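Chemist: Sequence and computational prediction follow.
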Amino acid sequence: MHQTHKRKQVCDWKGNYMKQGTKGLKGNRDSEHRTPPIPIQNSWTFIRWVIFACVVGFLIGIIGAGFHHAILWVTRFRKAYTWIQFGLPIAGLAVVCLYQMCGMERDGGTNLVIVAVRDNAPIRLRMAPLIMVATTITHWFGGSSGREGAALQMGSAISAWVGRVIQLDDKDERIIKMCGMAAGFTALFGTPLAAAVFAMEVVSVGVMYYAAIFPCLLSALIALLTAGALGGHPEAFSITGVPTITFLVLLQVIALGILCAFVAMLFCWIFANIHHLYTRYLPNPYVRIVVGGSIMVGASLLLGTGDYNGAGMEVITRAFSGEAHPAAFVLKIVLTAVTLGAGFKGGEIVPAFFAGATFGCFYGKFLGLPASFSAGIGMAAVFCGVTNCPLTSILLAYELFGGVGLPLIALACAVSYMLSGYSGLYSAQKILYSKMRAEYIAE
């Protein structure tokens, strides 16, 4: 009698039947050898991350709020006593000396944070107070820089220390560093959704660490509440004149997105080349920072305005009301590159906001778009181009603008991401997939 031979089937832990000998869910491991996760182990992992994320968010929320108030105080002082900017070169010497005394003269800044997450490289706790003090000095004496880059470094340094104290393993240390990045960004800027996704997206573009989404979100929200209780407040901008979506408006937004991609590439090119010039012709860090500080002082006197000192949040706010100088975006890019390339500390994110908002505000009207709406597009799209983080940029626009005009802003971000090339603000960032095709390009 003829018998029908059936291939033996096995059931994986989800209840899905698979043919014997087929590859399992991971590598070459057969599905019948996969050990199903035990629910109680999942529950314990969840509880652990609730505790860890709350601790990180609370600590960084407190420290971030203090940093926020320090930046506000020195900014008010600088505006009230403009003569203090003449001390920028001397203040720069103090910054270099401080880093050398602490053995951090080769500090990699945000690039070090990215490497620390991807490769689990060590981050010293001393990075947190150093970057906060140095950034406060930079803002106090009129250097052109942001603050969110400092927040990322501060948050990752503190969270890495927490990870060492509680003796996390290699994989969990990476996650807690991302929690610190998200909490630090949120404590200063008040955008927990964008901060959490940014921490996961910026390290390796094309691959996100989804295991970190819960702890990153929780730590960001705890930092938001903690900083808010201590006087911090989320940033927000009001957009007016959002057009109805039509075929013509789509073409106008795409055109502005293309221009923003070029601004993003210009931003990265200027930063890279000014850094190269400093390194080549002024290798001594003390000479370099004095020269950079002197250039910044001379530029402020020549321009006759303090718009380019510090972060420039007031200029961004004016852009959303329809006021922007045609050269403001390029001046901010150059002066921030001069400041940070010389050795002063701070961040590049708010300067990217500045460049995008002022560029969009002034040049968007030539495409027939309202100035305020164009400022919002420029701010989000240039940020997207320099960081290569489209999802973060869309969430950032949602949180900063309240969702106004979000589909069109998202379209401009997508255009900017696609056309802005494969460089970015952070040289340690890896772009793993092509921007043009569904193709893995990392070596």
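Modeler: Okay, I see it. Numbers count the residues shown, from 1 in each chain.

Chemist: where exactly do the strands run in this protein?
Modeler: 9-11, 17-19, 23-26, 29-30, 204-205, 430-431 (DSSP state E).

Chemist: so what strands line up beside the last one?
Modeler: Meaning strand 430-431. Its sheet considered, strand 430-431 pairs with strand 204-205 (parallel) by DSSP bridges.

Chemist: any chance you could map the helices in the stretch 201-350 of the chain?
Modeler: Residue ranges of the helices in the stretch 201-350 of the chain, as given by DSSP state H, counting those that start in this stretch, are 213-229, 247-281, 285-303, 313-320, 328-342, 349-363.

Chemist: Give me the contacts around the fourth one.
Modeler: Translated: helix 313-320. Here helix 313-320 makes contact (Cβ atoms under 8 Å, 6 or more residues apart in numbering) with 235, 237-239, 307, 324, 328, 332, 350, 353-354, 357-358, 360-361, 371-372, 375-376, 379. Using the backbone N, CA and C atoms, a C-beta is placed for each residue, glycine as well.

Chemist: In this protein, where's the longest helix?
Modeler: Using DSSP state H to define each element, the chain has its longest helix at helix 39-80.

Chemist: How far does that helix sit from its chain's centre?
Modeler: How far helix 39-80 lies from its chain's middle: 16 Å, per Cα atoms, centre = their mean, to the nearest Å.

Chemist: Compare the helices of the stretch 201-350 of the chain and report which one is nearest to Val74.
Modeler: Among the helices of the stretch 201-350 of the chain, the nearest to Val74 by Cβ to Cβ is helix 313-320 (13.6 Å).

Chemist: now the closest one: mean pLDDT?
Modeler: Helix 313-320 comes out with an average pLDDT of 95.

Chemist: what does stretch 53-66 give?
Modeler: Mean per-residue pLDDT for stretch 53-66: 96.

Chemist: Arg78: how many residues sit nearby?
Modeler: A count of nearby residues for Arg78, using other Cβ atoms under 10 Å, gives 19.

Chemist: pretty sure it is touching Gln85, no?
Modeler: Yes: the criterion here is Cβ atoms under 8 Å, and Arg78 meets it with Gln85 at 6.8 Å.

Chemist: what residues do those two have in common as contacts?
Modeler: Taking Cβ under 8 Å, 6+ apart as the contact rule, Arg78 and Gln85 both touch Phe141, Gly142, Gly306, Asn309.

Chemist: Mind giving me the ChimeraX select for these, buried ones only?
Modeler: This is the ChimeraX syntax for the buried subset of the shared contacts of Arg78 and Gln85, where burial follows 16 or more other Cβ atoms under 10 Å:
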select :141,142,306,309
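
Chemist: Now tabulate the shared contacts of Arg78 and Gln85 in JSON lines and tack on pLDDT and distance to Asp170.
Modeler: Shown next, in JSON lines, are these (pLDDT from 0 to 100; distance: Cβ to Cβ, whole Å):
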{"residue": "Phe141", "pLDDT": "97", "distance to Asp170": "41"}
{"residue": "Gly142", "pLDDT": "96", "distance to Asp170": "43"}
{"residue": "Gly306", "pLDDT": "91", "distance to Asp170": "47"}
{"residue": "Asn309", "pLDDT": "95", "distance to Asp170": "42"}
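
Chemist: farthest-separated two in the shared contacts of Arg78 and Gln85?
Modeler: Greatest spatial distance among the shared contacts of Arg78 and Gln85 (Cβ to Cβ): Phe141 and Gly306, at 11.9 Å.

Chemist: Can you work out which residues contact both of the two?
Modeler: Common neighbours of Phe141 and Gly306 (criterion: Cβ under 8 Å, 6+ apart): Arg78, Gln85.

Chemist: burial measure for Cys413, as a count.
Modeler: 27.

Chemist: returning to what we had before: would you mind finding the most buried of the helices of the stretch 201-350 of the chain?
Modeler: Most buried of the helices of the stretch 201-350 of the chain, by mean neighbour count (mean count of other Cβ atoms under 10 Å): helix 349-363, with a mean of 29.
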